[in-house]
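Chemist: next come a sequence and a model predicted from it.
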Amino acid sequence: MAAIEVSEDSLRQLTDPGSFERGRTYFGEGRVSAIAIDGAVLTAVVADTSSYPVRLKLTSAGLKGTCSCPHGTEGVFCAHCVAMALAWLDSTGEPGEPSRLSAEDERLGEFLLTQDPAWLVGELLVATHADPLLRARLEVAAGADAREAYDERPLRAWLERVIVVDDDVNYGEASLCLADIDEALDAVAELIDEGFASAAMSLAEHALALLDEAAGWAEDLDEELSETISRAEEIHSNARSVAENDLVTR
């Protein structure tokens, strides 16, 4: 994979000037906390009028950001995403200096090329037990039908865990629940790009059914919940369109 470069200039291209400047102010004021990195996914919390969980993901197409704030839930690369990205850049090099994120991958790749194939196969099979998407990719590479290769059960269970059906949930808990739901929906949407649209469609349908059942617990967050439902509907529509197109082209 080619190196992905992230810099202040590339961040400016992801958002509008106002959001970039607000994000730079938030970063400068030290409002970004709890930065964590898990592979290509970065998470943090940005303090504003509320504390907003932010998630950045490095993809082959560049940097993608999600945030639980009103702009973020609309798919905008918001000021909170900018603040988190700047904080991450500051922790990896000089401010404004591009960060080449594939250097460690290249080093590890060189090591793996020298290893015994049987050991590599064993390690890879172990990894597939924790990563259904990796397993599905390998199954397809081995000749399986993409419509049947992805194991929906872990992501289905994730959706059931985060979509709370409880009328006693308070405002703060409900806001965090919505952020958790958005993260799970990110994983569903990712399946479309990875070639598993049928699974994404099925999981989006399940999410919509759960959201309908849970609609009463977030009375003070009706607008935010409606946006989450709309997003699940959009994912379902996109997945269905891709899945139907796949059937036509087979």
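Modeler: Here it is on my side, so go on. Numbers count the residues shown, from 1 in each chain.

Chemist: and the strand or helix carrying His129, what's buried?
Modeler: Element membership for His129 (DSSP states H and E) is helix 117-130. For helix 117-130, burial by neighbour count (16 or more other C-beta atoms under 10 Å) applies to Thr128. For the C-beta atoms, the positions are set from N, CA and C on the backbone; glycine is no exception.

Chemist: could you say what helices and strands the helix or strand that it is followed by packs with?
Modeler: Proceeding N to C from helix 117-130, the next assigned helix or strand is helix 132-141, under DSSP H and E. With contacts taken as 3 or more C-beta pairs under 8 Å, 6 or more residues apart in numbering; DSSP states H and E, helix 132-141 sits against helix 117-130, helix 146-149, helix 153-162.

Chemist: show me which positions of the second one end up buried.
Modeler: Translated: helix 146-149. 146-147, 149.

Chemist: quick one, helices of this structure?
Modeler: 8-12, 17-28, 79-92, 103-112, 117-130, 132-141, 146-149, 153-162, 171-193, 197-213, 222-249 (DSSP state H).

Chemist: most packed of the ones you listed?
Modeler: Using mean count of other C-beta atoms under 10 Å, the stretch among the helices of the chain with the greatest mean number of neighbours is helix 79-92 (a mean of 23).

Chemist: helices and strands of this protein: which one bottoms out on pLDDT?
Modeler: Taking mean pLDDT, DSSP states H and E as the measure, the chain has strand 99-100 as its least confident helix or strand, at a mean of 44.

Chemist: nearest residue to Ala34 other than its sequence neighbours?
Modeler: Nearest residue to Ala34, sequence neighbours excluded (C-beta to C-beta, 6 or more residues apart in numbering): Val45, at 4.7 Å.

Chemist: number of nearby residues for that neighbour?
Modeler: Neighbour count of Val45, defined by other C-beta atoms under 10 Å: 18.

Chemist: got a list of what it touches?
Modeler: Val45 sits next to 32-34, 51-54 when contact means C-beta atoms under 8 Å, 6 or more residues apart in numbering.

Chemist: alright, calling it a day.
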